[in-house]
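Visitor: here is a sequence together with a model predicted from it:
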Amino acid sequence: MAQVADVNASMGVMLETIADSAGVPLCERLPVYVRYVDEQWLGDPVLEATRAEDDAGERFRSVIGDNDV
């Protein structure tokens with residue numbers, strides 16, 4: 001298990017370095033499952049992103065259905 005933790009830490013540092021050199025923020029992408037929508041378990045930032053009138057919000061709504069969010 002320690003080796004896995006070491007690899008994960010190394011990958012994190014590598015990704016941070018790549019993002020920094022590109023001048024972009026490094027963000028973790030968390031999956032949003034339909035059951036979370038059905039059970040109304042979405043934090044405000046996630047809910048706002050899914051309702052946003054941008055490409056990401058439209059893509060999300062096209063997968064789960066416009067009326068579900």
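Guide: Alright, I've got the coordinates. Numbers count the residues shown, from 1 in each chain.
Visitor: kindly check the end-to-end length of stretch 18-38 for me.
Guide: Using Cα to Cα, to the nearest Å, the end-to-end distance of stretch 18-38 comes out at 37 Å.
Visitor: buried set for stretch 54-69?
Guide: Buried positions in stretch 54-69, judged by neighbour count with 16 or more other Cβ atoms under 10 Å: 60-61, 64. C-beta: built from backbone N, CA, C; applies to glycine.
Visitor: residue 24: how many residues sit nearby?
Guide: 9 (other Cβ atoms under 10 Å).
Visitor: three-state assignment of it?
Guide: Each residue gets one of three states, and residue 24 gets coil by DSSP: H, G, I helix; E, B strand; the rest coil.
Visitor: how much space between it and residue 58?
Guide: From residue 24 across to residue 58, the span is 22 Å (Cβ to Cβ, to the nearest Å).
Visitor: then residue 43?
Guide: Taking Cβ to Cβ, one finds residue 43 at 20 Å from residue 58.
Visitor: residue 50 - how many residues pack around it?
Guide: For residue 50, the neighbour count with other Cβ under 10 Å is 20.
Visitor: can I get whichever strand or helix holds it in CSV, CA atoms only?
Guide: Secondary structure assignment for residue 50, by DSSP states H and E: helix 44-51. Provided in CSV are the C-alpha atoms of helix 44-51 (Å, rounded to 0.1, in the frame of the first residue of the first chain):
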residue,chain,number,x,y,z
ASP,A,44,-24.2,24.1,-4.2
PRO,A,45,-21.0,24.4,-6.4
VAL,A,46,-21.9,21.2,-8.3
LEU,A,47,-25.5,22.1,-8.6
GLU,A,48,-24.6,25.5,-10.0
ALA,A,49,-22.2,23.9,-12.5
THR,A,50,-24.9,21.4,-13.7
ARG,A,51,-27.4,24.3,-14.2
